[in-house]
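Peer 1: This is the structure alone, sequence omitted:
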C-alpha cells in the first residue's frame with residue numbers, strides 16, 4: 001500500500017493541473033502484540049479459515065519477544 005501511495009504522489013509532483021488519481025480506500029486494524037499473543041493470533045486466524053490474513057500477520061512478526069506492530073486489513 002505504501003508503494004502505491006508513493007507511486008501516486010510521484011504522478012502528482014509532475015505538475016499536471018488536471019492529474020486525476022484513482023483512490024483505493026482501505027482500513028486496517030493495528031495491534032501491538034508480544035510473541036505469544038501474535039503466534040496465538042496467527043493460529044486463531046488459521047482456525048477461522050483466514051489463511052491469507054494469518055500469513056500476513058506471521059510475516060510481520062520479527063525476531064525477539066516483541067512487541068510487534070501488526071496491521072491487517074479490515075474485512
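Peer 2: Ah, there it is. Quick caveat: nothing in here was measured; it's all calculated off a predicted structure.
Peer 1: ok, now which ones touch residue 54?
Peer 2: 42-43, 45-46 (C-beta atoms under 8 Å, 6 or more residues apart in numbering). C-beta: built from backbone N, CA, C; applies to glycine.
Peer 1: and it, that one's in a strand?
Peer 2: No: counting by DSSP: H, G, I helix; E, B strand; the rest coil, residue 54 falls outside a strand, being helix.
Peer 1: Spatially nearest residue to residue 31 (excluding sequence neighbours)?
Peer 2: Closest residue to residue 31 apart from its sequence neighbours, by C-beta to C-beta, 6 or more residues apart in numbering: residue 70 at 4.7 Å.
Peer 1: What residues of stretch 39-55 count as buried?
Peer 2: Residues 41-42, 45, 50, 53-54 are the ones in stretch 39-55 that count as buried (16 or more other C-beta atoms under 10 Å).
Peer 1: Check which helix or strand the residue nearest to residue 31 maps to.
Peer 2: If you go by DSSP states H and E, residue 70 is part of strand 68-73.
Peer 1: Between strand 68-73 and the strand or helix carrying residue 57, find me the angle.
Peer 2: Using DSSP H and E, residue 57 maps to helix 51-59. If you take axes from the mean of the first three to the mean of the last three C-alpha atoms, to 10 degrees, helix 51-59 sits at 160 degrees to strand 68-73.
Peer 1: where do the helices sit along this structure?
Peer 2: Assigned by DSSP state H, the chain shows helices spanning 2-12, 35-47, 51-59.
Peer 1: least reliable of these going by mean pLDDT?
Peer 2: Mean pLDDT across these is lowest at helix 2-12; the value there is a mean of 61.
Peer 1: quick one, what contacts residue 39?
Peer 2: Residue 39 makes contact with residue 61, according to C-beta under 8 Å, 6+ apart.
Peer 1: If we use 6 Å, what do you get?
Peer 2: If you count contacts by C-beta atoms under 6 Å, 6 or more residues apart in numbering, residue 39 has none.
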